[in-house]
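# coordinates only, no sequence provided:
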């Protein structure tokens, strides 16, 4: 293998994949060439191709160690690449951060591989320095080849696990902005979350799974999707509770806060959030609050310390002092919520959600543009729900450029999203292995899979989970490469099951005994209709109302839905001998479902707040943007009221979980 074919492999350009229906698909040559061009490769320049092949394939064998070396934390084993002529010499390995210095005879090392180049044989040797704590450490290796430096990553075998991780936990799933209260400024905020935590703890919940809280667009408040953010390392300031902002200023600032709350609350009776009104009111108050806080020494000092700490994680020098202030407030309130959750007895507390990408118009892309491919977006290949495939409109990371500065970008992304949380859910976790790219090829839209440095990205997840004491959950719905499933299992990286989609090849709902144990189990999520709407066909009627399907298509969907409902009743052990009215009662069916799921092996069971409320409207209809008001729908009543109304069901779920 040489030339362009070699570069395809080294650059992660996919060759083939297995489609959802079992069909084996091969990517044509032109498609792969255009994928390389998106990575900035001049595919017509043979010398450029040869240079890249040398840098990616040969050079690592000549350098002894790469810029990053992965070591097993339990044994301190890692790899050196040395000329065969050095085999009878010794090396001295020093890790100053750990005050560690040791020598190692290379003749005692295990040979794991070899490489032939320019008449010389190079050996891949495994050496050991003993058990290491999880983390990133500067290391120095001295030998006959000279002195080499590297960053040694001490990688635990598995992601962090909470105490008694074999206990089955139950929690809530909710979209924070949908929370309704008499005191918020038009959308759910961190003080609402604090109150929900209290109510959820009473109903025996161990966690609350949130939507992504990423920074959106202050100047374009109607860009509301949490999955198409401006910056994933920053928090949306609209979640700041104005009346919970700064206690030392509250007394003399109360009038401004009350006025803002009053103007925004005029919209609270509506089903959907008016983000323009909310943003206008909240940002005005936050700006005034920032002006006042500049004169408070204690606040200035706390803000300075926060800024210094966050700049160590990721450079945000482009942020104004006002923006830094809002980030400080948001992190302060979020941290208080997680602390409250743990004090209330929740084993995990808050679970964050990391979106798979960022918007091309946002700050994250602008600040890191050099790491992204040109003209390529991420999406998904054809599947039963989107036969033409999906283009999510999010720019694609270049798999080679992401390695820059020892993967600083991805490390910062993970660390920022684990802070103040008990667990991190990673949307479309397959992205750490491969992503479907959408781009133009030969004048038409095309796509293929691009592979990423899986071992290193997974290592970051393992290390950061231990440093932050946070579990990791991967949303592994869709086409999952077998190596990803195997690695997740080995790494204690939980998967995600939606009951709606847990079916066998005949379309029957799988027995709960077949569910994996290390998973987050849910009936549905933000991309699927709430159960009551699903049962009553409200989601299909809604699509008709918004002209998202024809009358004929709606009839076909209803027929298919009725078949699914019949399968569901069979799965529940219900049939025509049962009371017909009961079978039509969505809440009774839902209760039967979650009780059955409670007995499954899955260690985490999330009950969606929308389902407990019997919500008929979705928060999102996939494939739409402004046709339906996505990411705007409020809950009908306060969450605390819904939890109180369902306290008996939650108690029963806990009992089943404990006995299963």
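Cool, the structure landed. Worth saying up front: this structure is predicted, and the values here are computed from it rather than measured.

# which element follows the lowest-mean-pLDDT helix or strand in the chain toward the C-terminus?
When the helices and strands of the chain are scored by mean pLDDT, DSSP states H and E, helix 580-584 comes last with a mean of 51. Next helix or strand after helix 580-584 toward the C-terminus (DSSP states H and E): helix 586-598.

# all strands of the stretch 151-300 of the chain, in order?
Ranges of strands within the stretch 151-300 of the chain are 169-173, 207-209, 214-215, 231-235, based on DSSP state E, counting those that start in this stretch.

# what's the last one packed up against?
It stands for strand 231-235. Under the contact criterion of 3 or more Cβ pairs under 8 Å, 6 or more residues apart in numbering; DSSP states H and E, strand 231-235 touches strand 214-215, helix 321-343, helix 363-367, helix 404-418. C-beta: built from backbone N, CA, C; applies to glycine.

# what angle separates that strand from helix 321-343?
70 degrees (axes from the mean of the first three to the mean of the last three Cα atoms, to 10 degrees).

# per-residue pLDDT, residue 308?
pLDDT for residue 308: 89.

# try residue 509
For residue 509, the predicted pLDDT is 96.

# element containing residue 526, please.
Here residue 526 is assigned to no helix or strand, by DSSP H and E.

# show me the contacts for it.
175, 211, 618-620 (Cβ atoms under 8 Å, 6 or more residues apart in numbering).

# now with 6 Å, please.
619-620 (Cβ atoms under 6 Å, 6 or more residues apart in numbering).

# what distance do you get for it to residue 637?
Separation of residue 526 from residue 637 (Cβ to Cβ, to the nearest Å) stands at 20 Å.

# circling back to that earlier point, could you dump the strands of the stretch 151-300 of the chain to TSV with mean neighbour count and mean pLDDT?
TSV is the format used below for those (neighbours: other Cβ atoms under 10 Å; pLDDT from 0 to 100):
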stretch	mean neighbour count	mean pLDDT
strand 169-173	24	98
strand 207-209	26	98
strand 214-215	26	98
strand 231-235	24	97
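
# quick revisit: which of the helices and strands packed on strand 231-235 is buried the deepest?
strand 214-215 (a mean of 26; mean count of other Cβ atoms under 10 Å).

# ok, back up a step: closest one to residue 438 among the helices and strands packed on strand 231-235?
Closest of the helices and strands packed on strand 231-235 to residue 438 is helix 363-367, at 16.2 Å (criterion: Cβ to Cβ).

# quick check: can you name the pairing partners of the helix or strand just after that closest one and their directions?
Sequence-wise, the next helix or strand downstream of helix 363-367 (DSSP H and E) is strand 372-380. Here strand 372-380 has these sheet partners by DSSP bridges: strand 390-397 (antiparallel), strand 434-441 (antiparallel).

# who's in contact with residue 432?
Residue 432 neighbours (Cβ under 6 Å, 6+ apart): 454, 457.

# quickly list what the spatially most central residue of the chain is bridged to.
The centroid of the chain falls nearest to residue 426 when counting by Cα atoms, centre = their mean (2.2 Å). Beta-bridge partners for residue 426, by DSSP bridges, are residue 354, residue 474.

# and the pLDDT for it?
For residue 426, pLDDT reads 98.

# which among the helices and strands packed on strand 231-235 is found nearest to residue 236?
Per Cβ to Cβ, nearest to residue 236 of these: strand 214-215, 5.5 Å.

# which other residues reach that closest one?
Residues contacting strand 214-215 (Cβ under 6 Å, 6+ apart): 229-232, 234, 236.

# same thing with stretch 359-374?
Here stretch 359-374 has contacts from 38-39, 228, 230-232, 358, 395-398, 401-402, 409, using Cβ under 6 Å, 6+ apart.

# next: stretch 476-493.
Taking Cβ under 6 Å, 6+ apart as the rule, stretch 476-493 contacts 20, 158-159, 161, 429-430, 433, 472, 474, 495-496.

# next: stretch 547-559.
Against stretch 547-559 from outside (Cβ under 6 Å, 6+ apart): 537, 540, 543-544.

# now with 8 Å, please.
537, 540-541, 543-544, 621, 623-624, 627-628.

# name only those of those residues that count as buried.
Buried by 16 or more other Cβ atoms under 10 Å: 537, 540, 543, 621, 628, out of these.

# tell me which of these fall in helices.
Those of the buried ones among the contacts of stretch 547-559 mapping onto helices are 540, 543, per DSSP state H.

# returning to what we had before: and the strands paired with strand 372-380: which comes nearest residue 311?
By Cβ to Cβ (comparing all of those), the closest turns out to be strand 390-397, at 22.5 Å.

# and that closest one, what's buried?
Neighbour count says strand 390-397 has 390-392, 394-397 buried, by 16+ other Cβ under 10 Å.

# now stretch 528-545
Buried residues in stretch 528-545 (16+ other Cβ under 10 Å): 528-540, 542-543.
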